[in-house]
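A.B. asks: My questions are about this predicted structure, shown below with the sequence.
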Amino acid sequence: MKKRVLSQKAQAVSEFVSSMVMIILFVCGMLEKVYHTRVFHYIINVLSPIILIGIVFFCAMSSKYKKQPSDELSRELMLKATDIAVRVELCVALLVGIFMHLHGNHRHFEYYSIEGSDVCMFAVFLCGVFLAAKNIVFLWLDRTPKAEEEE
């Protein structure tokens, strides 16, 4: 049985979807910590098992496909996309740090109680931001110019 080939664009879209899941999980977790609402707490408790089941399903489905080997142009575009994604990731980390610092000063807390799970969730968030930025830039650079589409 021959495996179907998954194109570079389809690989980028699938990575983008999984990265958005990581980002949404972090945002819900941090909103729950900042605003201490039960709604976000229940969302996290209900979404976590559903997301785990979705990830297992996604991995099972992706094992049916063989990845398309990258050519020189796609490798060059991916390097450019990775460069931009690293810069975006650093800027986002800086903005989140500034937001948390200003929010802590606004509430007159002496310090934030940061747990190990918060650090893990922030690492997942940064991975999600990196993958999302890399794949968005790759898809943007890999588009077909309109002049070639009309011919």
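C.D. replies: Sure, I can see it.

A.B. asks: By mean pLDDT, point me to the weakest helix or strand of this protein.
C.D. replies: helix 146-150 (a mean of 54; mean pLDDT, DSSP states H and E).

A.B. asks: From residue 15, how far off is residue 68?
C.D. replies: 14 Å (C-beta to C-beta, to the nearest Å). In this view, the C-beta of every residue, glycine as well, is placed from N, C-alpha and C.

A.B. asks: now do residue 45
C.D. replies: 27 Å.

A.B. asks: If you count surrounding residues, which of these two has more?
C.D. replies: The neighbour comparison of residue 45 against residue 15 (other C-beta atoms under 10 Å) goes to residue 15, with 15 against 10.

A.B. asks: Mind giving me the packing neighbours of whatever helix or strand the more buried one lives in?
C.D. replies: Per DSSP states H and E: residue 15 is located in helix 8-35. Packing partners of helix 8-35 (3 or more C-beta pairs under 8 Å, 6 or more residues apart in numbering; DSSP states H and E): helix 38-62, helix 116-141.

A.B. asks: what do you get if the cut-off is 10 Å, keeping everything else the same?
C.D. replies: helix 38-62, strand 65-67, helix 72-106, helix 116-141 (3 or more C-beta pairs under 10 Å, 6 or more residues apart in numbering; DSSP states H and E).

A.B. asks: in its sheet, what does the shortest one sit against?
C.D. replies: Taking DSSP bridges as the criterion, strand 65-67 pairs within the sheet with strand 4-6 (parallel).
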